[in-house]
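*Asks:* Need a 3D model of the sequence below.
(2 chains)
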Amino acid sequence: MQSLETHVAQVFASGQIAYQHCPACGASQALARPFCVACLHPAPEWRRAQGTGRVVSVTTMHRAPTPEWKGRLPYTIALVDLSEGLRVMALATPGLAAGDAVRLRPEPLHDLPCFEPMVTE
Amino acid sequence: MRQAFIAGTGLTAFGRFEGENTLDLMSRAARQALADAGLERGQVDGLVTGYSTAMPHLMMATLFAEHFGLRPSYANALQLGGATGAALVMLAKLLVQSGQCERVLVVAGENRLTNQGGRDQAIQTLAQVGHATQEVPFGATIPGYYALLAGQYLARTGATGADLAAIAVHMRRHAIETEGAHVTAPLTVEEALASRPIAEPLRLADCCPISDGAAAFVISAAPSEQGAVRIAGAGQAHRHQHVSMATEWENFGAADAADRAFAEAGIGRDAIEVLGIYDSFTVTLAMLLEETGFAPRGQAGRRIAEGAHAVDALPLNTHGGLLSYGHPGVAGGMAHLVEVTRQMQRRAGARQVPGPARAGYVHADGGVLSAHVGLVLATDRG
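*Replies:* Prediction:
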């Protein structure tokens, strides 16, 4: 599990989101495990989310869990349904609402992935 | 199969109690419950306890047994977040019904507020119910996880912040009338809506306080002489741990747990005359009341404002709930059952509801609407 957690954190630090895909049954999972939760196949493969999705819910935090986060108040956390069909938690830019189309910012925020509004040109 | 009754109840005041630790508070509630049941310590043959974030221990049940002078033939501690208390009562019911035990002491409590580190430490500790590598790193907290539920709830149902505020006001109104309540300053909907944001859309008035306190029960094959309240049905459901995995909006598990409890009890929701529903946040209560079938979707707050849960209608959390009586962890969820039991025994004093209160329903959740336990209580009064 530790190497899985390290991989998740390293991809987060690049501003992206890793998920796992099962070569046996084709299921995908957002929470990393050393097996596929759908079929128990022991070697799910890593994939990178393309980074687009839709906001399920968003909260702007005014009370932080740690001194480190206290210095970043207020910050915004979102639940996003990725285009790949998985739900993930990540940071978000202010002003988003449920239903908004979003994409990952090119650069991480606080070494974590951060969603911003999808800009239609 | 034989019946299991709530033979004794104990509930301390909730609030700030400097100098009392977990075992002190648990002992106080245990003494009350035993006195209420008319029992001596030596008559207890089963002990089930919760956990304490202020006193983490591998063996809370036997730690307490030694401290309090008990030598039970069955003991264990159980951890299910906010649903722990209701799950302990369900376990005690099973122990009595199976014949394993005659009289089970259920007890939990902690000094969550005055513990070293206080509120800040409690908030950091509780945030860990989130996923360690895929939620906690984003600076989320328990209010944050529930705010993400609240955002969905408001967007999907069209309910408003004022509807949620009505829930906070309801609890405060009851707490003002309840001796031992933690937060008793009068509160209006306008004041609730003007309180400072914690995790938007949740504001301070939408959030329960962090308290010190304890609660206890004796669950027995013999009813209380002060009014027989039987645990007629109990049910659980566990469908996810983390909010990001709770993707089925229509079913967080609350309805499944309630259905199982009502099926065992053999009565319908229409027979229920008093409610005790977990209310760690206003949105918690709204979502639980709706999913368990006691309010239409999106209408819990509005119906409370309209009087659907006034004392002369279907009374709800008449002690003030977690939102205002207070929340010291496991004991917080037990206070609802203490209050419903006393209402059903017609021992609630000035708060006694006018109706017959012959049957009650208590629901608790742990985590982020993760673990659900429902209890159906019956008096068998005609």
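
*Asks:* Any idea which helix or strand in chain A has the lowest mean pLDDT?
*Replies:* For chain A, counting by mean pLDDT, DSSP states H and E, helix A:2-13 ranks last in confidence among helices and strands (a mean of 92).

*Asks:* Tell me the pLDDT of residue 20.
*Replies:* Unless you meant another one, I'm taking chain A. pLDDT, A:Q20: 98.

*Asks:* oops, I was thinking of chain B
*Replies:* 96.

*Asks:* What sits closest to it if chain neighbours are left out?
*Replies:* B:N111 (5.8 Å; C-beta to C-beta, 6 or more residues apart in numbering or on different chains). From N, CA and C alone the C-beta is placed, and that goes for glycine too.

*Asks:* so how many other residues sit close to that neighbour?
*Replies:* 28 (other C-beta atoms under 10 Å in any protein chain shown).

*Asks:* ok, now the one 3 residues further on?
*Replies:* For B:T114, the number of neighbouring residues by other C-beta under 10 Å comes to 19.

*Asks:* cool, and B:G276?
*Replies:* 29.

*Asks:* what separates the helix or strand hosting it from the chain centre, distance-wise?
*Replies:* Per DSSP states H and E, B:G276 falls inside strand B:274-277. Its chain's average C-alpha position is 10 Å from that of strand B:274-277, according to C-alpha atoms, centre = their mean, to the nearest Å.

*Asks:* Name whatever forms a beta bridge with A:Y75.
*Replies:* When bridges are called by DSSP bridges, A:Y75 pairs up with A:M61.

*Asks:* Is it correct that it is in contact with A:A90?
*Replies:* No - contact between A:Y75 and A:A90 fails when scored by C-beta atoms under 8 Å: they sit 11.4 Å apart.

*Asks:* Of those two, which one has the most company?
*Replies:* Neighbour count, other C-beta under 10 Å: between A:Y75 and A:A90, A:A90 has more, with 30 against 21.

*Asks:* did I read that right, the more buried one in a strand?
*Replies:* Yes - according to DSSP: H, G, I helix; E, B strand; the rest coil, A:A90 belongs to a strand.

*Asks:* Under the pLDDT cut-off, which ranges of chain A? List them.
*Replies:* For chain A, applying pLDDT under 70 flags the ranges A:1-2, A:120-121.

*Asks:* Quickly find the element holding A:R54.
*Replies:* Going by DSSP H and E, A:R54 is part of strand A:52-61.

*Asks:* How about the very next helix or strand once past that strand, which residues are buried there?
*Replies:* Later in the chain than strand A:52-61, the nearest helix or strand by DSSP H and E is helix A:67-70. Across helix A:67-70, burial judged by 16 or more other C-beta atoms under 10 Å in any protein chain shown covers A:W69.

*Asks:* Briefly note if helix A:67-70 comes near chain B.
*Replies:* Yes - with C-beta under 8 Å from any C-beta of the partner chain as the measure, helix A:67-70 is seen reaching chain B through A:W69.

*Asks:* which residues sit against that helix?
*Replies:* A:M61, A:A64, A:Y75, B:G139 (C-beta atoms under 8 Å, 6 or more residues apart in numbering or on different chains).

*Asks:* if we can go back for a sec, just the pLDDT for the residue nearest to B:E20.
*Replies:* 96.

*Asks:* Quick check: bridge partners of it?
*Replies:* Counting by DSSP bridges, the residues bridging with B:N111 are B:D212.

*Asks:* for it, what are its contacts?
*Replies:* B:F17, B:E20, B:N21, B:T22, B:D24, B:L25, B:A54, B:D212, B:P328.

*Asks:* Now do the fifth one against B:R31, distance only.
*Replies:* When you say that, I think you mean B:D24. Separation of B:D24 from B:R31 (C-beta to C-beta, to the nearest Å): 11 Å.

*Asks:* cool, and the last one?
*Replies:* From B:P328 over to B:R31 the distance is 17 Å, taken as C-beta to C-beta.

*Asks:* Settle it for me: which of these two has more neighbours?
*Replies:* Set B:P328 next to B:R31 and count neighbours by other C-beta under 10 Å: B:P328 wins out with 34 against 15.

*Asks:* gap between the nearest residue to that one once chain neighbours are set aside and chain A?
*Replies:* Among residues not flanking B:P328 along the chain, B:G213 sits closest, at 3.9 Å (C-beta to C-beta, 6+ apart). Distance from B:G213 to chain A, counting by C-beta to the nearest C-beta, to the nearest Å: 22 Å.

*Asks:* And the pLDDT for B:G213?
*Replies:* With respect to pLDDT, B:G213 scores 98.

*Asks:* Which positions in the stretch 151-300 of chain B make contact with chain A?
*Replies:* Of all the residues in the stretch 151-300 of chain B, those lying near chain A are B:151-152, B:155-156, B:196-202, B:242-245, B:247, going by C-beta under 8 Å from any C-beta.

*Asks:* ok, now which ones touch A:E45?
*Replies:* Here A:E45 is in contact with A:Q20, A:H21, A:C22, A:P23 (C-beta under 8 Å, 6+ apart).
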